[in-house]
Each structure stands twice: as C-alpha cells, then as structure tokens.
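# What follows is a predicted protein model with its sequence.
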Amino acid sequence: MRRSTSSISSKRSDLLSVGLFIPTSGAAGIWGPSCRACAEIASAEINQAGGINGREVVLKIFDAGDTPAMVAGTAEDCFFDGEIDAIVGMHTSDVREALAGAIGSKLPYVYTPLYEGGERTPGVFCIGETPAMQLLPAASGLSERYKLKRWYLVGNDYIWPRASNAVFRKNLATTGGTVCGEKYLPFGTTDFDALLEDITASKADAVLVSLVGSDTIQFNKQFGRSKIAQKILRLSCAIEENVLLGIGADYSDGLFAVSGYFSDINTAKNNSFKERYHTRYGAPGPQLNSIGQSIYEGMHFLKALSVESETTDWRLADQNIAYDGTRDAVFSASHGMNSTIFLAEAHGHNLKVVENYPLSR
C-alpha cells in the first residue's frame, strides 16, 4: 500500500528515518567517512533539541557509489517498504537524476553538494553551489589577477563537469578568454600522461579541474610532478581539505579551490561547529571538509523543511528557508542556496582563503 506523499510520515510516529545516501565506494568514496561523521553529529544535535517535530531522527546509510540505477532501485524499494521517510544525499549528479526519477515528489530529498544547477523535480531540494555562484566569480577573479586567457577543461564524463563547463565556456567568451582544450575521462582513470601532453601542447594558462575524489587526486599528483606545474594554474570546485591531503603538499603549488565552505573560515558559527566536531571525533576522526559539511547542513535543512511542512505541503515549498549550519545560508526553491563563496589557495596541506564573494538576492 502506497503512503501519502503530502506529509513526512513513518511506520512509527515517534521516529523519523532518514536515508543517508553517501558514497562508500568508487571515486567519490573518499568523502564517505566525513559525510557520515557530519550526519551523525547533526542528527545528535537535532535529537538533543527535541528531534524533528518531536520525532527522533534515525539514520540509515546506503552506498551511493554504486551505479545510478542500483542506487535508485534501493531507494525506491526502501520507500515502498516504509523504511525511510526522507533522503539526505551527497553523491554525483547522475545518481541524483536517477533518485529524483525514482522517488521525486514521494518523499523529501535534500541534495547537499555543489552541482550544475537546473534541478526542478518536486520534492528535490538542492542546497549546494551552482557554477554561476561558485565557479564564475572565482575564475573571473583569477583570470584578472593572473592575466589568464587560455583555459583547458578536464573532468569526469558525466553531467556535472559537462554542464558546468558549458556555463564556464559561455561566460569565458564574453571576457575575451578561450577554451584551448577539453577532455572528459571515465571514473577510475589513473594514467594521465596523454592528457598532460595535450595540456602542454595547448599552451594553456590555467586548467579547470572537474574530476571527482580519487581521480582528481591522481591527476593533480601527476600534474604536480610535470614540468608545466610551475607555469599553469589549476582551479577546482571539488577540491577540499580531504582531497588536498591525498594530493600532497609537494604537488599543490598553483592550485586553487572555490567553495561555499572551508574548515579554516574564521567565524563564530564555524569555530563552534569545529569544536563540537573535534570533541566528538578527536584527532583520528575524518578530515573536516566542504563535502562532509554539506551533509551537516542538509540534515538541518531537512529539519527546517519538516517544521514548515506541518502547515504546508513540503513539495510546494518555495519561500526562503533559513536553517542552522556553519554559515548563514538561506534557500529558496526558485533561487537555490544563498551564501558567501570563498576562493582558497593551497599552501602545503592547507587551503588558505584569499578572496570571498558575498551573495545577495
């Protein structure tokens, strides 16, 4: 028997079962531990404050590193069996599209990481940064500062890199820049020799890196060992503290990352969050980073959405929704997330913020 889709319900009225769809395998599996840690600390905070509408949050963790069809099938089965009441997910956009097709409008689905934009499925709430708010300001700022004209684009072969690069390419044409090369690689690529030769021959000033997880680690290691490392800047929207550790300090010169969050942002909210995180997990805990932190905010967004859905259908939520987190982020279905964006430069094993781009609507 299918459940009502206009409210967030459960087999047990005192529990709210959240399906946490995060990668524990594949190229993005490097983010699994931090995503889980941030979800656990968020659910503990929510439950300590009385839960969501008086219901205790329980997490059920699923591997979103499998094929999109397998992940979507798992979610659909869990929904119809009454095992989950909502989804909070951090995974690639091809998985998001499959999940949205399988369970969109049937239960709330909070998608937390940066993405390419354009998601309009009812009940799917994308709270991450889009290229217009994240990539374009950073690329423009770097281009102006370092006189960058020729960009080489490299990414994994799926929706987010291709769609983001299309936005970037269109904007670049208005500023007098050019794309001098473009390459998309399958997940799990480990040999980048031919790509590095092509980048060298292209006479690029900068490389926009849209590889994911372990793939971007391997690419940047090999790039850092090459002769072009001292001549060509690198910019990525998906490099954070965890991946930087994997790349290593010896291979990070000239590497920039742009994000709505870095762990060293010096604000009262973030310092308080870091203290709670490190108190809970200690030194052996997963490296705090923007991808994991997005899950923390996704859990708190679900709480804000659920409180609102007591009086309105959550599928139709379109007004501004403010939610607890490490920054003063506000979300609306029509405009997406609104928060400051930060550009950071790699210094050894650290990402040092060198510029910020405040947003306002």
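Arrived safely.
# Share the number of residues neighbouring residue 77, please.
Residue 77 has 12 neighbours, counted by other CB atoms under 10 Å. Heads up, the C-betas are built off the backbone N, CA and C, glycines and all.
# three-state assignment of it?
helix (DSSP: H, G, I helix; E, B strand; the rest coil).
# How confident is the prediction for it, by pLDDT?
pLDDT recorded at residue 77 is 95.
# distance of it from residue 103?
Distance of residue 77 to residue 103, computed by CB to CB, to the nearest Å: 10 Å.
# cool, and residue 148?
42 Å.
# Likewise for residue 17?
14 Å.
# what do you get for residue 36?
From residue 36 to residue 103 the distance is 21 Å (CB to CB).
# go on, residue 238?
Distance from residue 238 to residue 103, by CB to CB: 25 Å.
# what sits against residue 177?
Contacts for residue 177 (CB atoms under 8 Å, 6 or more residues apart in numbering) come out as 143, 148, 149, 150, 151.
# Next, it: phi, psi?
Per-residue torsions, residue 177: phi -90, psi 170 (degrees, to the nearest 10).
# same question, residue 138
phi -70, psi -50.
# circling back to that earlier point, just want to know which of residue 148 and residue 103 has more residues nearby.
For residue 148 versus residue 103, neighbours defined as other CB under 10 Å are more numerous around residue 103 (25 against 20).
# Could you pull up the contacting residues of residue 39?
Residue 39 touches 20, 22, 59, 88, 295, 296, 299, counting by CB under 8 Å, 6+ apart.
# doesn't it fall inside a helix?
Yes. Assessed with three-state DSSP, residue 39 lies in a helix.
# Give me the pLDDT value at it.
So, for residue 39, pLDDT stands at 97.
# how does this structure divide into domains?
Annotated domains of the chain cover 15-129+266-339, 135-260+343-357 [automatic domain parsing].
# what's the least confident stretch among those?
Minimum mean pLDDT among the domains of the chain: domain 15-129+266-339, a mean of 90.
# ok now do residue 56, which residues does it touch?
Counted by CB under 8 Å, 6+ apart, residue 56 has contacts 14, 15, 16, 47.
# Name whatever forms a beta bridge with it.
With DSSP bridges as the criterion, residue 56 is bridged to residue 15.
# gap between it and residue 50?
According to CB to CB, residue 56 and residue 50 sit 9 Å apart.
# roughly how far apart are the residue most central in space within the chain and residue 248?
By CA atoms, centre = their mean, the chain has its centre lying nearest to residue 113, at 2.1 Å. Residue 113 sits 24 Å away from residue 248, going by CB to CB.
# Check residue 196 too.
Distance from residue 196 to residue 248, counting by CB to CB: 17 Å.
# ok, these two, which is more surrounded?
Between residue 196 and residue 248, counted using other CB under 10 Å, the more crowded position is residue 196 (20 against 14).
# what separates the more buried one from residue 213, distance-wise?
Using CB to CB, we find residue 196 at a distance of 20 Å from residue 213.
# Count the neighbours of residue 328 for me.
Residue 328 - counted by other CB under 10 Å - has 12 other residues nearby.
# That one and residue 339 touch, don't they?
Yes. Taking contacts as CB atoms under 8 Å, residue 328 lies within contact range of residue 339: 7.0 Å.
# Flag every buried residue along stretch 170-181.
Using 16 or more other CB atoms under 10 Å as the test for burial, stretch 170-181 gives 171, 172, 177, 179, 180, 181.
# Sort out which of these are in strands and list them.
Counting by DSSP state E, the part of the buried residues of stretch 170-181 found in strands is 179, 180, 181.
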